[in-house]
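1. below: sequence and its predicted model.
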Amino acid sequence: MELINQINTFAYPFAIPFFILLLFIEIYLGYKDKKQTHKKQDSLTSISTGIIFFGISLLTKSIKLIIFFWIYDSFSFFKIDYTHWLSWTILFFLDDFTFYWGHRIAHTVSFYWASHVVHHSSEKFNLSTAVRKTWTYDVTGHFLFWFWLPLLGFHPLQVFAVKTLNFIYQYWIHTEKINKLPAWFEFVFNTPSHHRVHHGSDLKYLDKNHAGVLIIWDRIFGTFQAEEERPTYGLSSNIKTYNLIDVEFHEWKNMLKRVRKSNSFKTALQYLTKPPGWSHDKSTLTTKELREKTSNKK
């Protein structure tokens, strides 16, 4: 238990100085090779959202732990020994698997996309983009995708520790300063090349590479796309603002506006549950519909 507490307590305080160091190295390399991937106002917006996100996380973590402990104490099938290394190995794979599906759903259900879109709203791709975080994920209950892990019998603090390590891993893959890594690593793990695709707004790159640590989930479930050329970053329709409130809530505003204008309860519900871009009158299209339209033209 001491190890778990140390990870949960000290992971972020130790990681943040490392994050800052890598960020300054990336900025320095940009000046050195005259390929700067940062824009001052954009990076400051990303960092500001991240600071507020971490503050909110400190407030909501207790609530999430209470829910997970309730599931673990009242309903778990087993009590898995968190002192055994095998439990950590299994939990790593199960957590990463859960992240893949939770992330994929965040791209394919408008209700969750309204939060997750914040992370994709920068037209730059750099280490500051990694901390451009939504403030509303916990409000949507997105963390409940992980409920099945304490239900299986994994200790809630162990679950949170592994989730934290997964989050920390994903920081370094938000960069253009690393091209491609050895083929074996690119095949198994999520890398900057794979994650650049994920942040691309080009049609062939949309809704691809949802991995956390292991890219194998995308390969298995058909959402993998190799980086063929550098993506165009941002959204299909960019927000063109650095205002923190607009960055955080623009899609909530747009989605709720569509819901209010719906002519039926069913349509209103579809605007919450269908993929981003869905519309009852086809005035806007989902990624799948856009691909079908492009394919038909050929």
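-> Everything's here; your move.
2. all helices of the stretch 1-150 of the chain, in order?
-> Here the stretch 1-150 of the chain has its helices, by DSSP state H, counting those that start in this stretch, at 2-33, 40-75, 85-108, 110-116, 137-140, 148-152.
3. how about the contacts made by the residue positioned nearest the centre of the chain?
-> Residue closest to the average C-alpha location in the chain (C-alpha atoms, centre = their mean): residue 103, at 5.7 Å. By C-beta atoms under 8 Å, 6 or more residues apart in numbering, the residues touching residue 103 are 116, 210, 211, 212. In short, each C-beta sits where N, CA and C put it, glycine included.
4. how many residues are close by residue 182?
-> Neighbour count of residue 182, defined by other C-beta atoms under 10 Å: 8.
5. relative to residue 14, how far out is it?
-> 28 Å (C-beta to C-beta, to the nearest Å).
6. where does the prediction get shaky in the stretch 1-150 of the chain?
-> 1-13 (pLDDT under 70).
7. next one: the residue nearest to the centre of the chain from residue 184, what distance?
-> 24 Å.
8. next one: residue 141
-> 38 Å.
9. more crowded one of those two?
-> residue 141 (13 against 8).
10. my guess is residue 251 contacts residue 114. True?
-> Yes: between residue 251 and residue 114 there is a contact at 4.4 Å, judged by C-beta atoms under 8 Å.
11. just to be sure, residue 180 is in a helix?
-> No: per DSSP: H, G, I helix; E, B strand; the rest coil, residue 180 lies outside any helix segment and is coil.
12. which non-adjacent residue is nearest it?
-> residue 193 (5.0 Å; C-beta to C-beta, 6 or more residues apart in numbering).
13. what's around that neighbour, how many residues?
-> Neighbour tally, residue 193, other C-beta under 10 Å: 19.
14. what lies in contact with the helix or strand it falls within?
-> Using DSSP states H and E, residue 193 maps to helix 192-198. Defining contact as C-beta under 8 Å, 6+ apart, one finds that helix 192-198 is touched by 125, 170, 172-181, 186, 205, 208-211, 215, 218, 224-227, 230-231, 233.
15. which of the residues you listed are buried, as a PyMOL select command?
-> Remark: buried members of these, expressed as a PyMOL selection using 16 or more other C-beta atoms under 10 Å:
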select buried, resi 125+172+173+174+175+176+186+205+208+209+210+211+215+218+224+225+227+231+233
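16. just the ones in helices from the contacts of helix 192-198, please.
-> Those of those mapping onto helices are 186, 218, per DSSP state H.
17. could you give the number of residues near residue 16?
-> Neighbour number of residue 16 under other C-beta under 10 Å is 14.
18. for residue 77, that is, sorry about that
-> If we define neighbours as other C-beta under 10 Å, then residue 77 has 8 of them.
19. now it: closest residue in space that isn't a chain neighbour?
-> Going by C-beta to C-beta, 6+ apart, residue 77 has residue 153 as its nearest residue, at 5.8 Å.
20. can I assume that neighbour is in contact with residue 81?
-> No: judged on C-beta under 8 Å, residue 153 makes no contact with residue 81 at a distance of 9.2 Å.
21. who's more crowded, the two?
-> residue 153 (15 against 10).
22. contact partners for the more buried one?
-> So residue 153 contacts 72, 76, 77, 78, 79, 80 (C-beta under 8 Å, 6+ apart).
23. could you redo the last one with a cut-off of 7 Å?
-> Going by C-beta atoms under 7 Å, 6 or more residues apart in numbering, residue 153 touches 76, 77, 78, 79, 80.
24. neighbour-wise, which one of these leads?
-> Most surrounded of those: other C-beta under 10 Å gives residue 80, at 19 neighbours.
25. my guess is it meets residue 86, correct?
-> No: using C-beta atoms under 7 Å, residue 80 makes no contact with residue 86, being 9.3 Å away.
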